[in-house]
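Student: Pasting a predicted model and its sequence here:
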Amino acid sequence: MALQQYIRDIQDFPKKGIVFKDITPLLSSPEGTKECLSLLINSLNGKKIDKVVGVESRGFFFATLLAHELNVGFVPVRKPKKLPFTTISASYQLEYGTDTLEIHTDSIKKGDKILIHDDVLASGGTAKAVCELVERLGGEIVQCNFLMELTHLHGRKKLGNKEIFAALTYGEDDNFHIGDMNH
């Protein structure tokens, strides 16, 4: 199956000069969703996972599916003041300014094996902040996985030696590859 056929390019969104990778066609296709979920699950090679951490908001879609498929809990990481219990936070750089993410303090126990999932690995700031939150709570990151990676933005560099998997990777020339892993 050609997974890339389910990713739609939207020119100049959210601002001029940006080509937004729209995943809604993927989400509306049972076949595409199953194929993508299978790639993400298979990338784990049977590794033990205790919890799946999903990043607000587009990361929630497949993170909950992954948690269900793996028969483990789902942990949301959200923007400030969206979680009702005690949280810790991490800030990260955006192109213009900073943003912050939060996680419940009781969501991860020391030694929990964690799969982190988000929709896109771009510059890596969001993923790095989520890794920091998980590690501050004592979680052991097994893998960071993504629907897509935009390799020309070099987000992998911010994640150090973490195992990373992307179901689709796009280079600066917008050529894509299916199933890219880095250890």
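Tutor: Received the coordinates, thanks. Quick caveat: nothing in here was measured; it's all calculated off a predicted structure.
Student: and the closest residue in space to L94 that isn't next to it in sequence, what does it touch?
Tutor: Nearest non-adjacent residue to L94, counting by C-beta to C-beta, 6 or more residues apart in numbering: G125, 6.8 Å away. To be clear about C-beta, it is placed using only N, CA and C from the backbone, and glycine gets the same treatment. For G125, the contacting residues are 92-94, 99, 155, 158, by C-beta atoms under 8 Å, 6 or more residues apart in numbering.
Student: Quick check: phi and psi at G125.
Tutor: Here the main-chain torsion angles of G125 (degrees, to the nearest 10) amount to phi -60, psi -50.
Student: ok, back up a step: tell me the one among the contacts of G125 nearest to Q5.
Tutor: Distance to Q5 across the contacts of G125 (C-beta to C-beta) is lowest for G155, with 24.0 Å.
Student: Minimum pLDDT in the contacts of G125, which residue is that?
Tutor: Scanning the contacts of G125 for pLDDT, the low point is L94. It has 76.
Student: hang on, the earlier thing: who wins for neighbours among the contacts of G125?
Tutor: G155 (23 neighbours; other C-beta atoms under 10 Å).
Student: show me what contacts that one?
Tutor: The neighbours of G155, taking C-beta under 8 Å, 6+ apart as the test, are 121-125, 127, 149.
Student: Identify, from those, the entry nearest to F13.
Tutor: Of all those, A122 has the smallest distance to F13: 14.4 Å, by C-beta to C-beta.
Student: Could you report the distance from the most centrally placed residue in the chain to Q4?
Tutor: Nearest to the geometric centre of the chain sits D118, at 1.6 Å (C-alpha atoms, centre = their mean). D118 is 18 Å from Q4, where distance means C-beta to C-beta, to the nearest Å.
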